[in-house]
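# coordinates only, sequence not included:
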Ligand code: 13P
């Protein structure tokens, strides 16, 4: 099995997380890599299907090539984020060929997102991906519950959403999902939302989110696997730090670095510096400077 699995488990045991930085524009990767080396933080570099379809990461192979050129594996590994079975536009995706391409391109871990499917269909899709990926020694992340925000159309006001608990993951379901799939890491919905990517909302400020920490503890305890938090941008920092103690071992961060990159490109200012500074700000707000050493990595 690729050591991404043991590194995430070590983070879980230490009560810290690996930030997972999305790369929606290929030129962003160099600045993220530099920020990791300069802070000694250990992270995942990741790309989601929607980032090569709707942004400018080009393809999962292009990201893997750029990663091979820039990587310093004392501080990072490569991960494939969201390969949906049913995507944010309600289109069915031929997901297995995408997973096969990622395994061929050298991704050290992959995600299959069956969260828009009924429970049994999500289990079945996740098991198909696990069979392929585990045969190649690659751990798998799956999602249970609805982390909203990527779909077109407005979200209800955040506090309304939180109070309704709409789409939140049930601890008993998480336990059953892990037992029935054997998935390595589980992405859950506990108050987190994705930064918007559709239309005009793409460039608006993401609302601040918070986490249902009791629910998180129950999910972590009952599922027994490291928990993944999507929508890591703009969550109350105290909640994130407490969340890591309670079982969150991977935190996906997209909007926090994408928005400054897009703003810099638009304004003709230094986009590399903007991404570098934003990456360091995220690492610092999570208290993860020097985390590579705590994970037995780094120098
Ligand atoms: P944010 O863009 O809200 O940080 O979410 C990123 C993410 O979860 C990618 O999978």
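Received it, and whenever you're ready, just let me know what you need. What you see is a predicted model; the values in this text were computed from it and never measured.
# name the helices or strands packed onto the lowest-mean-pLDDT helix or strand in the chain?
Least confident helix or strand, the chain: helix 158-164 with a mean of 94, by mean pLDDT, DSSP states H and E. Using 3 or more CB pairs under 8 Å, 6 or more residues apart in numbering; DSSP states H and E as the contact test, no helix or strand touches helix 158-164. In this view, the C-beta of every residue, glycine as well, is placed from N, C-alpha and C.
# Next, the buried residues of it.
161-162 (16 or more other CB atoms under 10 Å).
# just checking, next helix/strand downstream of it?
helix 171-181 (DSSP states H and E).
# longest strand of the protein?
If you go by DSSP state E, the chain has its longest strand at strand 76-84.
# starting at the chain centroid, how far to it?
7 Å (CA atoms, centre = their mean, to the nearest Å).
# strand partners of it, parallel vs antiparallel please.
strand 43-47 (parallel), strand 109-113 (parallel) (DSSP bridges).
# and the angle from the last one to helix 171-181?
Strand 109-113 runs at 120 degrees relative to helix 171-181, counting by axes from the mean of the first three to the mean of the last three CA atoms, to 10 degrees.
# Strand 109-113 close to the ligand?
No: contact of strand 109-113 with the ligand (CB under 6 Å from any ligand atom) is absent, the minimum separation being 8.1 Å.
# does stretch 150-166 come close to the ligand?
No: figure legend: stretch 150-166 not in contact with the ligand (CB under 6 Å from any ligand atom); closest approach 8.4 Å.
# From the chain's centroid, how far away is that stretch?
Relative to its parent chain, stretch 150-166 has a centroid offset of 20 Å by CA atoms, centre = their mean.
# what do you get for stretch 84-96?
17 Å.
# again with stretch 168-183
Computed by CA atoms, centre = their mean, the chain-centroid distance of stretch 168-183 equals 18 Å.
# what does the stretch 51-200 of the chain have sitting close to the ligand?
Counting by CB under 6 Å from any ligand atom, the stretch 51-200 of the chain sits next to the ligand at 81-82, 194-195.
# At which residues are the helices of the stretch 51-200 of the chain located?
Under the criterion DSSP state H, counting those that start in this stretch, helices of the stretch 51-200 of the chain are mapped to 60-70, 95-105, 119-135, 158-164, 171-181.
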